[in-house]
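[1] Requesting a structural model of the entry that follows:
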Amino acid sequence: MSFSFKGLKNFLKYFLFFIFVFLLVFNWSKISWVFNPKAVFRYLATQFEKELEKEKKAVQKRDDKIQKIEKKDSIEIPKIEISAPLVLVENESQISKALDRGVVLFPKSVFPGKIGQTIILGHSAPKNWPKIKYDWVFSNLNDLEIGDEIFVYFQNKVFKYSVIKKIFLEKGENIPKEENSKNILILISCWPPGKDLKRIAIMAEIKS
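    From the prediction side, this is the model:
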């Protein structure tokens, strides 16, 4: 019994070896490159490049989904529950009428995301003022604190900002400039709400 089992084992070994050689010979043209180090290296390099390209496309697709949004130009401030259209005007004489339709991008400021100051103006109104047009939109700017988030949707992209400072200005006083190479968002309204005595300015830095 022991001899018979050993013989069967040897037979299977030679049989499998024969099959391997047979397959190797008849498929040599397809697999000969495996024994060529240069060819193997090129194959592995190609596979690595394909995986890298696939990963890049996945990242780009994810970024596009986050950054490119089919949404009208607008501003959202979750902390004070604000969502309002962002209106563009050609010159300062158009600002007053445009404020009835939302908040206004000051014509002499830079677009959201660009280096410099993006200045957005909005009306404010006394407490319990009815929500007529957008007279009330920036009434609660004073409730914003450092770190609060502001979202600006502009040209099918969303720009995320974080509040860094709150200041009060006299009428006609210039807005202080932040010395950095980033985009600074500045929200401005009358202070106190509904009275044209001073100005409140919320400064926020764009988040990368």
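
[2] who does the strand ranked longest in the chain touch, helix- and strand-wise?
    Counting by DSSP state E, the longest strand found in the chain is strand 157-170. The contact analysis (3 or more CB pairs under 8 Å, 6 or more residues apart in numbering; DSSP states H and E) places strand 157-170 against helix 37-67, strand 149-154, strand 183-191, strand 198-206. To be clear about C-beta, it is placed using only N, CA and C from the backbone, and glycine gets the same treatment.

[3] Lowest average confidence across the ones you listed, which one?
    Among these, helix 37-67 carries the lowest mean pLDDT, at a mean of 63.

[4] and residue 89, how many neighbours?
    Residues near residue 89, counting by other CB atoms under 10 Å, number 17.

[5] Contacts only, for it.
    Contacts were defined as CB atoms under 8 Å, 6 or more residues apart in numbering; by that measure residue 89 touches 95, 98, 104, 105, 107.

[6] Now that we're looking at it, what pLDDT does it have?
    So, for residue 89, pLDDT stands at 96.

[7] excluding its backbone neighbours, what's nearest it?
    Spatial nearest neighbour of residue 89, excluding adjacent residues (CB to CB, 6 or more residues apart in numbering): residue 98 at 5.0 Å.

[8] And for residue 178?
    residue 184 (5.0 Å).

[9] separation between that neighbour and residue 156?
    Distance from residue 184 to residue 156, counting by CB to CB, to the nearest Å: 22 Å.

[10] ok, the two, which is more surrounded?
    Per other CB under 10 Å, whichever of residue 184 and residue 156 has more neighbours is residue 184, with 22 against 12.

[11] is it true that the more buried one touches residue 202?
    No: counting by CB atoms under 8 Å, residue 184 does not reach residue 202; the two are 10.7 Å apart.

[12] coming back round to it: how about the longest strand of the chain: buried residues?
    158, 159, 161, 163, 166 (16 or more other CB atoms under 10 Å).

[13] re the thing from before, please identify, among the contacts of residue 89, the one with the most neighbours.
    residue 104 (26 neighbours).

[14] residue contacts, that residue?
    So residue 104 contacts 86, 87, 88, 89, 95, 98, 120, 121, 122 (CB under 8 Å, 6+ apart).
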